[in-house]
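**Q** Take a look and give me a structure for this.
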Amino acid sequence: MSFLGPKSRKIIELDKELISSSLTRVSDLVFERLEGMNVWDADNKKYLDFTAGVAVANCGHSNPEIIQAIKKQLEKGIHLGFSDFYSELPLLVCRELKPLLPANLNNFFFSNSGTEAVEAMYKCARWHSNRTWFIAFEGAFHGRTLGSLSLTKSKPVQKERFEPFMPVKHVPYAYCYRCDKGSYPDCGIGCLNDFEKQLKELKGRVAGVIIEMIQGENGYIVPPKEFIKGIRKLCSEHQVLLCDDEVQAGCFRTGKFLASEHFKIETDLVALSKALGNGMPIGLTIANKKTMDWPPGSHANTMGGNLVACASALATLKYLKKEKLGDNALKIGKIILKELSELQEKSKFLGDIRGIGLMIGVELVKSKKTKEFGIAERDALITKALEKGLVLLPAGTSGFRICPPLIIKKEEALKGLEIIGDCLKEIEKKK
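**A** Numbers count the residues shown, from 1 in each chain. So this is what the prediction gives:
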């Protein structure tokens with residue numbers, strides 16, 4: 001905390017007194033003002049943001065066009081209850097979304113967060129199929145409410161003492177850098193065999209399979225295309241609904257509106273949140289009308305379809321399309337991956353670099369030969385980067401994620417990478 005000013009220190013002390021210890025504070029940043037690519041702390045120190053508020057502020061912090069839309073709606077009204085009455089604004093969000101989605105996704109359920117969007121997806125699949133079981137993946141993060149937590153298998157602390165869980169089986173994800181089945185593609189996509197085996201064991205009882213096309217919290221893991229395509233094929237063969245958790249990867253984070261587009265497949269249900277509201281809490285579960293066939297009262301919530309959140313989402317979608325931020329994500333993402341690859345060659349600790357668009361994971365190791373997790377090295381890098389004015393977030397056991405607002409320019413990307421490079425040099429000197 002040596003770099004912090006007096007106001008920031010005071011706020012942190014008060015936070016420790018008042019706020020639940022369940023929150024995971026990854027650094028001592030005390031943010032007070034946000035704009036574009038930058039964050040200012042309580043003592044007015046400026047930072048470059050490589051987190052976008054955990055992949056939320058895709059259009060940049062405090063985007064003027066989105067703020068204006070929010071202000072306009074505030075003057076009209078905030079809430080009445082979309083579950084009980086009708087409103088045009090949520091329908092406009094759906095209409096704006098439809099051209100961005102596969103044709104089979106045409107029915108929408110509004111909620112307030114990612115975990116709620118996943119809960120709705122889970123319940124919808126169980127209702128429609130009248131089956132009980134789900135298959136999810138090791139390393140997955142789908143939320144912390146009890147249904148979505150049953151699907152999650154990321155960190156042990158997230159599930160400890162919360163049993164019993166819903167009927168879910170977890171199978172290996174295609175984490176090629178740490179696979180024990182051999183190097184890809186010589187492994188023959190062995191993890192797909194594990195998935196098929198589990199599917200057959202639960203024959204006729206599986207309602208759905210839920211997957212992050214790119215695993216988020218586990219380290220931005222990008223699987224081979226054959227893995228995703230194989231899962232789609234097996235789900236179709238066994239008449240199992242494929243549920244796509246796009247909470248972190250959606251809204252052009254990977255360059256495409258949905259990460260599933262990179263794998264050239266269609267899914268049966270989709271969960272969106274995070275970047276959809278660019279900072280306003282909103283969740284959306286999307287399916288085909290035939291799949292979303294549950295009757296009135298089977299699922300609802302009070303705040304879903306909130307007018308201010310929908311105004312923000314509508315302005316966000318329009319801005320993403322108008323500014324072609326998906327194209328920018330692909331362009332800047334390629335630059336970052338190229339620069340990181342060059343840095344990797346010189347560094348003792350950069351074990352693996354992966355990503356699509358501006359969803360990039362960097363995994364630190366103690367030794368490239370043994371691949372032992374470099375947890376202390378990762379933590380030191382995040383701390384040093386903050387001291388130098390760059391905000392980063394961890395991902396996985398010893399990785400960090402690069403997920404800046406999609407408005408990022410080349411100069412800002414290179415500035416952040418320069419800080420990362422300087423931090424690595426300082427850490428390596430001490431080893």
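**Q** Confirm residue 32 sits in a strand?
**A** Yes: under DSSP: H, G, I helix; E, B strand; the rest coil, residue 32 falls within a strand.
**Q** what residues are up against it?
**A** Residues in contact with residue 32 (C-beta atoms under 8 Å, 6 or more residues apart in numbering) are 40-42, 44. (Each C-beta comes from the backbone N, C-alpha and C, glycine too.)
**Q** Filter the residues you listed down to the buried ones, ChimeraX style.
**A** To isolate the buried members of the contacts of residue 32 in ChimeraX, using 16 or more other C-beta atoms under 10 Å:
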select :41,42
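**Q** with the contacts of residue 32 in mind, which one is nearest to residue 406?
**A** For these, the residue nearest residue 406 by C-beta to C-beta is residue 40; the value is 20.8 Å.
**Q** Check that closest one and give its pLDDT.
**A** What the model reports for residue 40 is a pLDDT of 97.
**Q** and stretch 360-375, average pLDDT?
**A** 97.
**Q** what about residue 105, distance to residue 372?
**A** Here residue 105 is placed at a distance of 43 Å from residue 372 (C-beta to C-beta, to the nearest Å).
**Q** Show me which of the two is the more surrounded one.
**A** A count of neighbours by other C-beta atoms under 10 Å puts residue 105 above the other of residue 105 and residue 372, at 23 against 12.
**Q** Which strand or helix spans the closest residue to that one other than its chain neighbours?
**A** Sequence neighbours aside, residue 286 is the residue nearest to residue 105 in space, at 4.7 Å (criterion: C-beta to C-beta, 6 or more residues apart in numbering). Element membership for residue 286 (DSSP states H and E) is strand 283-287.
**Q** so residue 168 touches residue 133, yeah?
**A** Yes: using C-beta atoms under 8 Å, residue 168 makes contact with residue 133 at a distance of 7.2 Å.
**Q** how much space is there between the spatially most central residue of the chain and residue 212?
**A** The centroid of the chain falls nearest to residue 248 when counting by C-alpha atoms, centre = their mean (2.0 Å). According to C-beta to C-beta, residue 248 and residue 212 sit 7 Å apart.
**Q** Tell me the secondary structure at the residue nearest to the centre of the chain.
**A** Applying three-state DSSP: residue 248 is coil.
**Q** Just the pLDDT at the spatially closest residue to it that is not a sequence neighbour, thanks.
**A** Using C-beta to C-beta, 6+ apart and skipping the chain neighbours, the partner closest in space to residue 248 is residue 216 (4.0 Å). pLDDT, residue 216: 97.
**Q** Contacts only, for residue 216.
**A** Residues near residue 216 by C-beta under 8 Å, 6+ apart: 55, 141, 247-249, 395, 401.
**Q** how many neighbours does the residue nearest to residue 268 when sequence neighbours are not counted have?
**A** Spatially, and ignoring its direct neighbours in sequence, residue 268 is nearest to residue 241 (4.3 Å; C-beta to C-beta, 6+ apart). Burial measure for residue 241: 24 neighbouring residues, criterion other C-beta under 10 Å.
**Q** Please identify the helix or strand for residue 57.
**A** Counting by DSSP H and E, residue 57 is part of no helix or strand.
**Q** From the contact counts, what lies against the longest helix anywhere in the chain?
**A** Determined from DSSP state H, the single longest helix within the chain is helix 325-346. Secondary structure elements in contact with helix 325-346, counted by 3 or more C-beta pairs under 8 Å, 6 or more residues apart in numbering; DSSP states H and E, are strand 350-356, strand 359-364, helix 410-429.
**Q** Those: which one's closest to residue 303?
**A** Ranking the helices and strands packed on helix 325-346 by their distance to residue 303 (criterion: C-beta to C-beta) puts strand 359-364 first, at 28.2 Å.
**Q** Moving C-terminal from the closest one, which element do we reach first?
**A** Where DSSP H and E defines the elements, the next helix or strand beyond strand 359-364 is helix 375-387.
**Q** in the stretch 1-150 of the chain, what spans have low per-residue confidence?
**A** 1-2 (pLDDT under 70).
**Q** Surely the residue nearest to the centre of the chain and residue 274 touch.
**A** Yes: counting by C-beta under 8 Å, residue 274 is a contact partner of residue 248 at 5.9 Å.
**Q** Mind listing the shared neighbours of the two?
**A** Common neighbours of residue 248 and residue 274, using C-beta under 8 Å, 6+ apart, are 54-55, 114.
**Q** Closest one of those residues to residue 318?
**A** Residue 318 lies nearest to residue 55 out of those, by C-beta to C-beta, at 19.5 Å.
**Q** neighbours around that closest one, how many?
**A** So residue 55, with other C-beta under 10 Å, has 25 neighbours.
**Q** can you pull the pLDDT of residue 191?
**A** Residue 191 carries a pLDDT score of 93 in this model.
**Q** any idea how far residue 361 is from it?
**A** Taking C-beta to C-beta, one finds residue 191 at 18 Å from residue 361.
**Q** Likewise for residue 353?
**A** Distance, residue 353 to residue 361, by C-beta to C-beta: 7 Å.
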